[in-house]
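>>> take a look and give me a structure for this.
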Amino acid sequence: MSTGAEHIVNLYERHASRWAQARSLEKGFYERGWLDRFRALIPPASAVLDIGCGTGEPMARYLGEHGHAVMGIDSSPTMVAMFQAKMPGQQAQVADMRTLSLARRFHGILAWDSFFHLSHQDQRQMFAIFGAHAVPQGALMFTSGPDYGEAIGQLGGEPLYHASLDAAEYRQQLSDAGFTVVDTVAEDPACGGRTVWLAQRCQVTR
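Here you go, the predicted structure:
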């Protein structure tokens, strides 16, 4: 399958408004249960890094409403501008997650419905970036596919790339980066069929 991963940045920028509108029309807030589990692993009012934050809704908004300081990162300038307009009390900046280096650590890191747009090799390299931005005992939550492979969806009538490692490799990558798996559910029916990973950084970082 030809990789479309390199086109993701421009694709979301071109269709930022369309994506934001579609997201706002989704019925239900499927992520709430997992976000509450994520929040239970981090201190109240602690800082969260939202990688691939989009417009900030509903994830960053929910975290902000519960007192967390959110740093949103997205490759789309239009998405970041929407985030800043909707949540002026939070921070957001344009950045490519694959080269992220903020020189600070967070109690929580999210890569929800964003990390899975990377190629297999780029996903493998992200675990060191997650580790570099997490405090000891910090929480990490991301979504993936249920099995190893690639898939093509659509955004604005254009092909939208997704990839996934297999569960055993995700566990190994997390372990190598100093994280322990707290829970994972493949194609969780309570979360719109998403495959979710929740992990926690070891108390003593490597």
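>>> next secondary structure after the worst-scoring helix or strand of the chain on mean pLDDT?
Taking mean pLDDT, DSSP states H and E as the measure, the helix or strand of the chain with the lowest value is helix 16-25, at a mean of 68. Using DSSP states H and E, the helix or strand that follows helix 16-25 towards the C-terminus is helix 32-40.
>>> and the longest helix seen in the chain, what's its mean pLDDT?
Secondary structure of the chain per DSSP state H: the longest helix is helix 120-132. Over the span of helix 120-132, the pLDDT mean works out to 97.
>>> name every strand pairing with the next helix or strand after it and say which way it goes.
Counting by DSSP H and E, the next helix or strand C-terminal to helix 120-132 is strand 134-144. Strand pairing for strand 134-144, determined by DSSP bridges: strand 106-111 (parallel), strand 194-201 (antiparallel).
>>> can I get the longest one in PDB, CA atoms only?
As requested, the backbone C-alpha atoms of strand 194-201 are provided in PDB (Å, rounded to 0.1, in the frame of the first residue of the first chain):
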ATOM      1  CA  ARG A 194     -11.600   2.800  18.900                       C
ATOM      2  CA  THR A 195      -8.600   0.700  20.000                       C
ATOM      3  CA  VAL A 196      -7.300   2.500  23.100                       C
ATOM      4  CA  TRP A 197      -4.100   2.200  25.000                       C
ATOM      5  CA  LEU A 198      -3.600   3.700  28.500                       C
ATOM      6  CA  ALA A 199      -0.100   3.500  30.000                       C
ATOM      7  CA  GLN A 200       1.900   5.000  32.800                       C
ATOM      8  CA  ARG A 201       5.500   6.100  33.000                       C
END
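>>> residue ranges with poor pLDDT in the chain?
For the chain, the stretches flagged by pLDDT under 70 are 1-6, 22-28, 204-206.
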